[in-house]
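Enquirer: Make a model of this:
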Amino acid sequence: MGFWLRPAADDDHPVLPVPPGHRAVSAPYGAPRSITASAERITVQNAALQHRTILQWQREAWIAYERVGEIHYGCNMLGGLLSRVRFYGAVRGASNEPPTDVESGGRKPGVNNRLASAVKELVDDLFKSDAAGMIRSLVLNICVPGECLFVQLPATDVTPSRWAIRSTAEMTVRGDGTAVLQGRRDGGQQTLLPPGTFIARIWRRHPQHSMEPDSSLLGIADAIEELLMLQRLVRGATRSRLNAGLLFVPDGVASAVNPKHTAEPPVDEQGDPFDALRASTTDDPSGKFLSDLVETMTKPINDETSAATVVPMLVTGPGDEGAKIRHVTFERHSDQWLTDRIEKVLERILGGLDMPKEVITGMQHVKYSNAVVIDEGMYKASIEPLALVAADAFTSIYLYPQLRALGFTEQEISRVVIWYDPSEIVTRPNASDEATQGIGLNVLSGAAWRRVHGYAESDAPSEDERLYKLLDKLTGLPDQAVVELLRRTFPDTFGHLADPPPQPVTNGDPNVVQFPQQHPTPVQPPADPQRTAIKQVGVT
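Expert: Below is the predicted model of the structure:
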């Protein structure tokens, strides 16, 4: 089974209703929570907020998110999938059933119109600005550092007051007790939070220390650190290859260019950068050779038309001195052990994430550009738990306190929750095969088959092509059936066809053809063998 993000509708490809069996469905309210989350309201005057420091492993987790492509891709994929989930105000029913939308019809025991309207207004206000962005930020912060802040941002001259999810690293408390959200690492784009601003902390509860956050990256922190070190080794070895190394030239080797030397060094009127080097080579042939060598090697870089690009430099000297010229490189070699170790460490990291590693490493089963193919196991193990975390957190930290402030009783409040609708994640494992089966069962049209397989309507067969294919399939059918099919399928062309003459009827032997008679002779019953024998012997 796979899950597909439903594409946007347009005039040529409207989004058709999807059968219930092809949609992801929300879990019952009493479903077990595989990820235990907590939420609490805090204030800028709270000492826990003022003196709390970001844990070291959380800093390393953010570095891993930014530096390790597999972790970055996997977390963003979960955030993108959960951003398609719709959250709504709902009424609790039985524990083995999903809560129902407060706007849906039907009887809702314990929920009056006033309570239903209040729940709807609160949920609409919560997600009025950027619901998808809020859910995506919540998922990323729960997956990476294990916690986030739920903040009511103050109104500005451009935007009204709105709710948002922010990283705990963005929140800083000044000495005077005011809180500031820093949108950039350099301290830019600061948002001052006035006193009394609603701030809540949502975190994935650590099993040993319940007030501390937990994350799947915490369990693989050492592996991530090792992977980053191995990557630095590979990067350093690669950079060492950018150096050209060292060229050793023994004394006694001279340049064959301009062999005559004078007491005064040569002067280039245009300002040659090697003037100083030539000045020191008036009485030093080796130095002269080195200056000419450097010029020969560097001149083609600036002048592609230089003869040095195709003609080697000529040198003179004793024969045994030429063998002493050596090129020494400073590059570091990366052996096979380093490559194998990186693969093993990466395998361990992928095995520790909250998603199947085969989904991250390649997406081998993707067949369409707008599809994210995952199996039902990933939905149950990775997507549904995060949806439950978001629903439970928004219910406990936002909906219930707001309803209490409006004067509703605890009994009324307990009847409603914020729930989720994952129907935008459509479970279509192989739509093309299903469309082909639908054609065979005569439940789909050719236009539907072409749309699923990505063909245009101009690719449909012409009437002549359909006729040839139909005639090829009609071999062996009775003439009357063939004529009737042609009349109904192509009425404009074959509507005038007359009925065919009667077909000859065979009677057992295919080589003997009998035509039907107007008055067939009655069939005589076979004679009794015993009576026939008595007549032949003359016995009466």
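Enquirer: residue boundaries of the helices in the stretch 51-200 of the chain?
Expert: Shown for the stretch 51-200 of the chain, the helices assigned by DSSP state H, counting those that start in this stretch span residues 56-67, 69-82, 113-126, 131-143.
Enquirer: Relative to residue 407, which of those helices is closest?
Expert: Proximity to residue 407 (Cβ to Cβ) singles out helix 113-126 among these, at 9.7 Å. Using the backbone N, CA and C atoms, a C-beta is placed for each residue, glycine as well.
Enquirer: tell me the mean pLDDT for the closest one?
Expert: The pLDDT scores in helix 113-126 average 93.
Enquirer: What of stretch 356-365?
Expert: 64.
Enquirer: One more: stretch 173-192?
Expert: 80.
Enquirer: got the CA positions of that stretch in PDB?
Expert: Presented in PDB, the C-alpha positions along stretch 173-192 are these (Å, rounded to 0.1, in the frame of the first residue of the first chain):
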ATOM      1  CA  VAL A 173      14.800  36.600  28.100                       C
ATOM      2  CA  ARG A 174      16.400  40.000  28.700                       C
ATOM      3  CA  GLY A 175      17.600  41.200  32.100                       C
ATOM      4  CA  ASP A 176      14.500  43.300  32.600                       C
ATOM      5  CA  GLY A 177      12.400  40.200  32.200                       C
ATOM      6  CA  THR A 178      11.000  40.900  28.700                       C
ATOM      7  CA  ALA A 179      11.000  38.100  26.200                       C
ATOM      8  CA  VAL A 180      12.200  38.400  22.600                       C
ATOM      9  CA  LEU A 181      11.900  36.100  19.600                       C
ATOM     10  CA  GLN A 182      14.900  36.300  17.400                       C
ATOM     11  CA  GLY A 183      14.100  35.200  13.900                       C
ATOM     12  CA  ARG A 184      17.700  35.200  12.700                       C
ATOM     13  CA  ARG A 185      20.900  33.800  14.200                       C
ATOM     14  CA  ASP A 186      22.600  37.200  14.100                       C
ATOM     15  CA  GLY A 187      19.900  38.700  16.300                       C
ATOM     16  CA  GLY A 188      17.900  40.300  13.500                       C
ATOM     17  CA  GLN A 189      14.200  40.400  13.100                       C
ATOM     18  CA  GLN A 190      13.400  40.500  16.800                       C
ATOM     19  CA  THR A 191       9.800  40.300  18.000                       C
ATOM     20  CA  LEU A 192       9.200  41.800  21.400                       C
END
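Enquirer: which parts of that stretch are buried?
Expert: 173, 179, 181-182, 191 (16 or more other Cβ atoms under 10 Å).
Enquirer: Kindly report the same for stretch 98-110.
Expert: By neighbour count on 16+ other Cβ under 10 Å, the buried set for stretch 98-110 is 98-102, 108.
Enquirer: cool, and stretch 214-221?
Expert: 214-218, 220-221.
Enquirer: In helices, which of the residues you listed fall?
Expert: 216-218, 221 (DSSP state H).
Enquirer: so how far is residue 220 from residue 347?
Expert: Noted for residue 347: a distance of 11 Å to residue 220, by Cβ to Cβ, to the nearest Å.
Enquirer: which one of the buried residues of stretch 98-110 is nearest residue 255?
Expert: Looking across those and measuring by Cβ to Cβ, the closest to residue 255 is residue 98, at 87.0 Å.
Enquirer: ok, the nearest residue to that closest one once chain neighbours are set aside - contacts?
Expert: Among residues not flanking residue 98 along the chain, residue 26 sits closest, at 4.5 Å (Cβ to Cβ, 6 or more residues apart in numbering). The contact partners of residue 26, by Cβ atoms under 8 Å, 6 or more residues apart in numbering, come to 98, 387, 419-422.
Enquirer: tally of neighbours for the closest residue to residue 169 other than its chain neighbours?
Expert: Ranked by Cβ to Cβ, 6+ apart and with sequence neighbours excluded, the top spatial neighbour of residue 169 is residue 54, at 5.7 Å. For residue 54, the count of nearby residues is 14 (other Cβ atoms under 10 Å).
Enquirer: try residue 35
Expert: When neighbours are counted by other Cβ under 10 Å, residue 35 comes out with 18.
Enquirer: That one and residue 205, how far apart?
Expert: 9 Å.
Enquirer: With residue 319 instead?
Expert: 80 Å.
Enquirer: More neighbours: which of the two?
Expert: Higher neighbour count among residue 319 and residue 205: residue 205, with 17 against 6, using other Cβ under 10 Å.
Enquirer: So what's the predicted local confidence for the more buried one?
Expert: 91.
Enquirer: thinking again about what came up before, mean neighbour count and distance to residue 200 added to the helices of the stretch 51-200 of the chain, as a markdown table?
Expert: As requested, the helices of the stretch 51-200 of the chain are exported to a markdown table (neighbours: other Cβ atoms under 10 Å; distance: least, Cβ to Cβ, whole Å):
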| stretch | mean neighbour count | distance to residue 200 |
| --- | --- | --- |
| helix 56-67 | 17 | 18 |
| helix 69-82 | 20 | 19 |
| helix 113-126 | 17 | 12 |
| helix 131-143 | 22 | 12 |
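Enquirer: wait, residue 460 sits on residue 446?
Expert: Yes. With contacts counted by Cβ atoms under 8 Å, residue 460 reaches residue 446, the gap being 6.2 Å.
Enquirer: all strands of the stretch 401-540 of the chain, in order?
Expert: Along the stretch 401-540 of the chain, the stretches classed as strands by DSSP state E, counting those that start in this stretch are 416-421, 425-426, 505-506, 513-514.
Enquirer: Confidence-wise, which of these is weakest overall?
Expert: strand 513-514 - the lowest mean pLDDT of the strands of the stretch 401-540 of the chain, at a mean of 50.
Enquirer: Give me the distance between stretch 66-83 and the centre of its chain.
Expert: Distance, stretch centre to chain centre, for stretch 66-83: 8 Å (Cα atoms, centre = their mean, to the nearest Å).
Enquirer: Sorry, wrong one. I was asking about stretch 443-461.
Expert: Mean-position distance between stretch 443-461 and its chain equals 27 Å (Cα atoms, centre = their mean).
Enquirer: ok, now stretch 114-125?
Expert: Centroid separation for stretch 114-125 versus its chain: 34 Å, with Cα atoms, centre = their mean.
Enquirer: Kindly format the C-alpha coordinates of that stretch as PDB.
Expert: Presented in PDB, the C-alpha positions along stretch 114-125 are these (Å, rounded to 0.1, in the frame of the first residue of the first chain):
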ATOM      1  CA  ARG A 114     -23.400  27.300  22.000                       C
ATOM      2  CA  LEU A 115     -20.500  24.900  22.800                       C
ATOM      3  CA  ALA A 116     -20.300  23.800  19.200                       C
ATOM      4  CA  SER A 117     -20.100  27.300  17.900                       C
ATOM      5  CA  ALA A 118     -17.400  28.300  20.500                       C
ATOM      6  CA  VAL A 119     -15.300  25.300  19.500                       C
ATOM      7  CA  LYS A 120     -15.500  26.100  15.800                       C
ATOM      8  CA  GLU A 121     -14.600  29.800  16.400                       C
ATOM      9  CA  LEU A 122     -11.600  28.900  18.500                       C
ATOM     10  CA  VAL A 123     -10.300  26.300  16.100                       C
ATOM     11  CA  ASP A 124     -10.800  28.700  13.200                       C
ATOM     12  CA  ASP A 125      -8.900  31.400  15.000                       C
END
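Enquirer: Check what contacts it and list those residues.
Expert: Here stretch 114-125 makes contact (Cβ under 8 Å, 6+ apart) with 87-89, 91, 102-103, 108, 163, 398-399, 402-403, 406, 408, 412, 415-416, 418.
Enquirer: Would you mind checking the residues you listed for buried ones?
Expert: 87-89, 91, 102, 108, 163, 398-399, 402-403, 408, 412, 415-416, 418.
Enquirer: Poorly predicted segments of the stretch 351-500 of the chain, please.
Expert: Along the stretch 351-500 of the chain, the model assigns pLDDT under 70 to residues 362-376, 426-432, 464, 467-468, 470-477, 495-497, 500.
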